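K.L.:
task: produce atomic coordinates for the following.
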Amino acid sequence: MGKLRDRMEQDLKLGGYSPATQRIYLLYAREFARYHMRSPAAMGEEEIRAYLLHRIEQKCSHETYRQVWAGLKFLYTVTLRRPIEVEPLPFRRKPPRLRTPARPTRSFSCFRRLAALPARFPGLLRQRGRDRMNYRNAQT
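P.N.:
Next up, the predicted model:
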C-alpha cells in the first residue's frame with residue numbers, strides 16, 4: 001500500500017484536511033488493508049461492507065465508526081476515483097442516548113436542606129451577632 005498511501009496522503013493535504021484527520025484516515029485505510037490482507041485498489045463494495053460490519057461487531061463507538069466510514073469513503077472517492085464502490089453503503093445511525101434518572105436520595109436531601117434554611121437562618125445571624133459583641137467586649 002506504499003504508493004497508494006502516499007497518494008492518499010497527498011490528496012488529504014491538497015484537500016486541506018487537518019493533520020489529525022490525515023493521520024486518522026491513513027490509519028483506518030491501513031487497518032482496512034491489513035484486515036483483508038490485500039491492497040484497497042483490489043477490493044470493492046463487498047470487502048468494505050465486511051470491514052464495516054467487523055468494526056460494528058467489535059463494538060466500536062459511533063464516533064470511531066464515523067471516522068472509519070469517512071476515511072474509506074475518501075480513499076475510494078478521491079484517491080482511487082471509484083465512488084461507485086461506497087455510494088450504496090448506508091451510514092450507521094447514532095444510537096439513542098438513554099437518560100439516566102437523577103438519584104432521588106441525593107436531590108431530595110438537597111431540597112430538604114434548602115427548605116430548612118429560612119427557619120435556621122435568623123437564629124444563626126443572632127448567634128453570630130452575639131459572638132461578635134462578646135468578642136469586642138472582651139478586647140476592650
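
K.L.:
what mean pLDDT would you report for the helix or strand where Glu46 lies?
P.N.:
Using DSSP states H and E, Glu46 maps to helix 45-57. For helix 45-57, mean pLDDT is 93.

K.L.:
name the residues of that helix that are buried.
P.N.:
47-48, 51-52, 55 (16 or more other CB atoms under 10 Å). Where C-beta positions appear, they are placed from N, C-alpha and C, glycine not excepted.

K.L.:
quick one: low-confidence parts of this structure?
P.N.:
Counting by pLDDT under 70, the ranges of the chain that qualify are 1, 101-140.

K.L.:
centroid-nearest residue for it?
P.N.:
The chain has Glu63 as the residue nearest its centroid, 5.4 Å off, counting by CA atoms, centre = their mean.

K.L.:
measure it to Tyr25 for me?
P.N.:
Noted for Glu63: a distance of 14 Å to Tyr25, by CB to CB, to the nearest Å.

K.L.:
do the same with Arg99
P.N.:
When CB to CB is the yardstick, Arg99 and Tyr25 sit 34 Å from each other.

K.L.:
of these two, who's got more company?
P.N.:
Tyr25 (24 against 6; other CB atoms under 10 Å).

K.L.:
hmm, the more buried one is touching Val78, no?
P.N.:
No - the pair Tyr25 / Val78 is not scored as a contact, 10.1 Å apart, by CB atoms under 8 Å.

K.L.:
identify the contacts common to those two.
P.N.:
By CB atoms under 8 Å, 6 or more residues apart in numbering, Tyr25 and Val78 have these common neighbours: Met8.

K.L.:
was I right to think Leu52 contacts Thr64?
P.N.:
No - in this structure, Leu52 is not within contact of Thr64 by CB under 8 Å, at 11.4 Å.

K.L.:
thinking again about what came up before, got the buried residues of helix 45-57 as TSV, with distance to Leu4 columns?
P.N.:
Below are the buried residues of helix 45-57 laid out as TSV (distance: CB to CB, whole Å):
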residue	distance to Leu4
Glu47	15
Ile48	15
Tyr51	16
Leu52	19
Arg55	21
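
K.L.:
tell me which two in these are the farthest apart.
P.N.:
Spatial extent of the buried residues of helix 45-57 (CB to CB) is set by the pair Glu47 and Arg55 at 12.9 Å.
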